[in-house]
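**Student:** fold the following for me, if possible:
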Amino acid sequence: MSDAPVPVYGRVSTLGQPNETRAAIRLRGVTLSDGEVDVIRGIAEEYWSHGRSYISRMVCKSLGWYQDNGRLKDRACRDILRSLQQLGFLKLPLSKTGAYHSSTPSSHVLPDDHPVSPSNMATTVIEHITCMSIVMVRWTKEDKLWNSLVATYHYLGYRLIVGRHLKYIVYDKDIPIACIGWGDAAWHIRDRDAWIGWDQIQRRQNIKLTVNNVRFLILPWVKISNFASFILSRATKAMVEDWQRLYGVKPVLLETFVERDRFRGTCYRAANWIHVGSTKGFARQGYSYHNHQTPKDVYLYPLRANARELLRS
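**Tutor:** Numbering: from 1, shown residues only. Below you'll find the predicted structure:
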């Protein structure tokens, strides 16, 4: 979610022809010069037969796109490559797996015979917790279960999370009771940026210190008062430790967006998140942004008392 479309400047050159003069291109917070676009195009042509994943890794190594933990920014790079292809700057080989396009909600919905499918959980009610655990499931066999639970029970369904992200399932014994997802912060949010008070340079340098709560789902068989804020507080602590361990960055600020026509943000307020304003109703669809006329309330949670000063430093 973002306040406004990410601008792309200049004219698109015709493939196979010399580039026309254009301003730098900005995609996913990365500014690409003419020379860098030429490097990417050359890598795509040279390693065409190796496939998209190999091309993406070679681009990351050539341009120095590394995460703070030393890993390649491979997922973000692949998103940039697809955007460049759609804009006409390069061509990519066909996807060998089609994994990106298979991440539709219907491909993850729980089958009827699954233990926690709607039909099997229709009469289940959990009114108190007996043995709770918060499990980070990304890169585990339970990652697909998280996808399926979100696709089946969250009103927004499941969408591929691009960039850095973590997924958690909260269990009571062996029954999932909540799903929480965290990802990279939105690049530009007017009211968040005003609250922080940072300029464009500070935002570019420190946006990595902000993490977005991209999904929060209490599963429908849980009937416990104030449970959402209780879980949110504990899951936040787990995420901060894991994020620092896996990505080499300790978050300073959390953000989330609440659709005001559906929810009042009560659990976030109860967990001491701060309501700072609203979005303008733009959402990303594919490689561009569209105004879907659904403004969302913006909530922030500073993890440090001096969060704003740190983000402006």
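**Student:** surely residue 203 meets residue 190?
**Tutor:** No: the criterion here is CB atoms under 8 Å, and residue 203 misses it with residue 190 at 12.0 Å. Just so you know, the C-beta spots here come from the backbone N, C-alpha and C atoms, and that holds for glycine as well.
**Student:** quick one, which of the two is more surrounded?
**Tutor:** residue 203 (19 against 16; other CB atoms under 10 Å).
**Student:** state whether the more buried one is indeed within a helix.
**Tutor:** Yes: assigned with DSSP: H, G, I helix; E, B strand; the rest coil, residue 203 falls within a helix.
**Student:** for stretch 117-124, what is the distance to the chain centroid?
**Tutor:** Centroid separation for stretch 117-124 versus its chain: 29 Å, with CA atoms, centre = their mean, to the nearest Å.
**Student:** so for it, mean pLDDT?
**Tutor:** For stretch 117-124, the mean per-residue pLDDT is 94.
**Student:** mind checking what helix or strand follows the helix or strand bottoming out on mean pLDDT in the chain in sequence?
**Tutor:** Least confident element among the helices and strands of the chain, by mean pLDDT, DSSP states H and E: strand 288-291 (a mean of 48). Using DSSP states H and E, the helix or strand that follows strand 288-291 in sequence is strand 296-302.
**Student:** for residue 158, pull up the helix or strand it's in.
**Tutor:** Going by DSSP H and E, residue 158 is not part of any helix or strand.
**Student:** neighbours around it, how many?
**Tutor:** So residue 158, with other CB under 10 Å, has 23 neighbours.
**Student:** can you tell me the closest non-neighbouring residue to it?
**Tutor:** Nearest-residue entry for residue 158: residue 151, 3.7 Å, with adjacent residues in sequence omitted and distances by CB to CB, 6 or more residues apart in numbering.
**Student:** neighbours around the one you found, how many?
**Tutor:** 20.
**Student:** who's in contact with the residue nearest to residue 209 when sequence neighbours are not counted?
**Tutor:** Sequence neighbours aside, residue 252 is the residue nearest to residue 209 in space, at 4.2 Å (criterion: CB to CB, 6+ apart). Contact partners of residue 252, counting by CB atoms under 8 Å, 6 or more residues apart in numbering, are 206, 209, 210, 302, 303, 304, 307, 310, 311.
**Student:** can you tell me the SS state at residue 93?
**Tutor:** Residue 93 is classified as coil under three-state DSSP.
**Student:** phi first, then psi, for the closest residue to it other than its chain neighbours.
**Tutor:** Spatial nearest neighbour of residue 93, chain neighbours left out: residue 48 (5.4 Å); criterion: CB to CB, 6+ apart. Backbone torsions of residue 48, given as degrees, to the nearest 10, read phi -50, psi -50.
**Student:** ok now the helix ranked longest in the chain, how far from the chain's centre?
**Tutor:** In the chain, taking DSSP state H as the definition, the longest helix is helix 227-247. Remark: helix 227-247 is offset 16 Å from the chain centroid, using CA atoms, centre = their mean.
**Student:** check which helices and strands it sits against.
**Tutor:** Using 3 or more CB pairs under 8 Å, 6 or more residues apart in numbering; DSSP states H and E, the elements in contact with helix 227-247 are strand 132-136, strand 165-172, strand 175-184, strand 210-218, helix 266-270.
**Student:** 6 Å - rerun?
**Tutor:** strand 132-136, strand 165-172, strand 175-184, helix 266-270 (3 or more CB pairs under 6 Å, 6 or more residues apart in numbering; DSSP states H and E).
**Student:** may I have the second one as CSV, with CA atoms only?
**Tutor:** Pointing back at strand 165-172 there. Coordinates of each C-alpha in strand 165-172 appear next as CSV, following Å, rounded to 0.1, in the frame of the first residue of the first chain:
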residue,chain,number,x,y,z
HIS,A,165,9.2,-10.8,5.1
LEU,A,166,8.4,-13.1,8.0
LYS,A,167,5.3,-15.3,8.6
TYR,A,168,4.0,-16.5,12.0
ILE,A,169,1.3,-19.0,13.0
VAL,A,170,0.1,-18.9,16.5
TYR,A,171,-1.0,-22.2,17.9
ASP,A,172,-3.0,-23.4,20.9
